[in-house]
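*Asks:* What follows is a predicted structure for the sequence shown.
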Amino acid sequence: MRHQENPHVHSQELHTLSVIDVQELLEEESLMTKANNIDMVSHPAHYTAHPSGIETIQVTRHMNFNLGNAMKYIWRAGIKNEDKHIEDLRKAIFYIDDEIKRLEGNI
């Protein structure tokens, strides 16, 4: 029988549950995580919402690390989190600057 009072049982309370109860809780958590995160892992909205219809990875997989990251941050600027629009652009600048340093032999 399941622990009904609190569906989110803390590890300190696990000693009162049977092995089967623990397995059921883990299976439920795993299924919920998979259902909620599949799009966030495979095709997150902030990388698929571009008006072109192209997903960021379709472009960035053909670039080196620095340029791909710069493109990623430009692509999602203001989409993933409106409050971090400027931060995303600064991150893009960081990767572009790093690429310039690499090409100039300064790193």
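*Replies:* Happy to help now that I have it. Numbering: from 1, shown residues only.
*Asks:* roughly how far apart are A70 and D39?
*Replies:* Separation of A70 from D39 (Cβ to Cβ, to the nearest Å): 24 Å. To be clear about C-beta, it is placed using only N, CA and C from the backbone, and glycine gets the same treatment.
*Asks:* any idea how the protein splits into domains?
*Replies:* Per automatic domain parsing, the structural domains of the chain span 11-42, 45-104.
*Asks:* Who's the closest spatial neighbour of Y73, skipping the chain neighbours?
*Replies:* In this structure, Y73 finds its nearest non-sequential neighbour in A92, 3.9 Å apart by Cβ to Cβ, 6 or more residues apart in numbering.
*Asks:* Now do the contacts for the residue nearest to M63 when sequence neighbours are not counted.
*Replies:* Take M63 and drop its neighbours on the chain: the residue closest to it by Cβ to Cβ, 6+ apart is M71, 6.4 Å away. Contact analysis of M71 by Cβ atoms under 8 Å, 6 or more residues apart in numbering lists 56, 59-60, 63, 92.
*Asks:* Going by mean pLDDT, which of the domains of the chain comes out lowest?
*Replies:* Lowest mean pLDDT within the domains of the chain: domain 11-42, at a mean of 61.
*Asks:* In the helix or strand encompassing I74, which residues are buried?
*Replies:* I74 belongs to helix 65-76 when elements are defined using DSSP states H and E. If you call a residue buried by 16 or more other Cβ atoms under 10 Å, then helix 65-76 has these buried ones: 66-76.
*Asks:* Thanks a lot, catch you later.
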